[in-house]
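# okay, here's the prediction I keep looking at, along with the sequence it came from:
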Amino acid sequence: MPLYNFGVSQHFKAWVDLVVTDPRRILQDAWQFDLRVVESEFTLVGVNPALDQFKDIAAQIRTQAEHTAQAHGRALAGLRAA
């Protein structure tokens, strides 16, 4: 496959997207990643004025999501270093 500006063409990327229909499959099956999904709600607080009443709750949820993602990242880094 040819490279354009040090990257694969968008046609190849689209083909991969069609072949690998589950976006988590390539990460888990092919690259053996320990994949975890970290979800965060109320991401539009501060953008949508109707959600401003949830500012404190959104901050707590975001902080928890960041801590979860950081902990998993440290765990993965420890596995790679070992």
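On my side now, so go ahead. Numbers count the residues shown, from 1 in each chain.

# please report the distance of Thr68 from Glu39.
9 Å (C-beta to C-beta, to the nearest Å). Bear in mind the C-beta positions are built from the backbone N, C-alpha and C, glycine included.

# who's more crowded, the two?
Taking other C-beta atoms under 10 Å, Thr68 and Glu39 do not tie; Thr68 has more neighbours (14 against 8).

# now do the contacts for that one.
Residues near Thr68 by C-beta atoms under 8 Å, 6 or more residues apart in numbering: Val38.

# the same query, at a cut-off of 10 Å, please.
Applying C-beta atoms under 10 Å, 6 or more residues apart in numbering to Thr68 gives the contacts 36, 38-40.

# ok, of the residues you listed, which come out buried?
Neighbour-count burial (16 or more other C-beta atoms under 10 Å) is assigned to none of those.

# quick one, strands of the protein?
Taking DSSP state E to define them, one finds strands in the chain at 3-4, 7-8.

# got those strands as CSV, with mean neighbour count and distance to Arg24 columns?
Shown next, in CSV, are these (neighbours: other C-beta atoms under 10 Å; distance: least, C-beta to C-beta, whole Å):
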stretch, mean neighbour count, distance to Arg24
strand 3-4, 9, 26
strand 7-8, 11, 20
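
# in the chain, which helix is the longest?
When the chain is parsed with DSSP state H, its longest helix is helix 55-81.

# quick one, phi/psi of the nearest residue to Leu79 once chain neighbours are set aside?
Nearest residue to Leu79 in three dimensions, chain neighbours excluded: Asp34, at 7.5 Å (C-beta to C-beta, 6 or more residues apart in numbering). Main-chain dihedrals, Asp34, degrees, to the nearest 10: phi -90, psi 90.

# does Asp34 touch Gly78 like I think?
No: judged on C-beta atoms under 10 Å, Asp34 makes no contact with Gly78 at a distance of 11.3 Å.

# related to what we said a few turns ago, check the strands of the chain for me: which has the lowest mean pLDDT.
Among the strands of the chain, strand 3-4 has the lowest mean pLDDT, at a mean of 72.

# point out where the protein drops to low pLDDT.
Counting by pLDDT under 70, the chain contains low-confidence ranges at 1-2, 20-23, 25-27, 80, 82.
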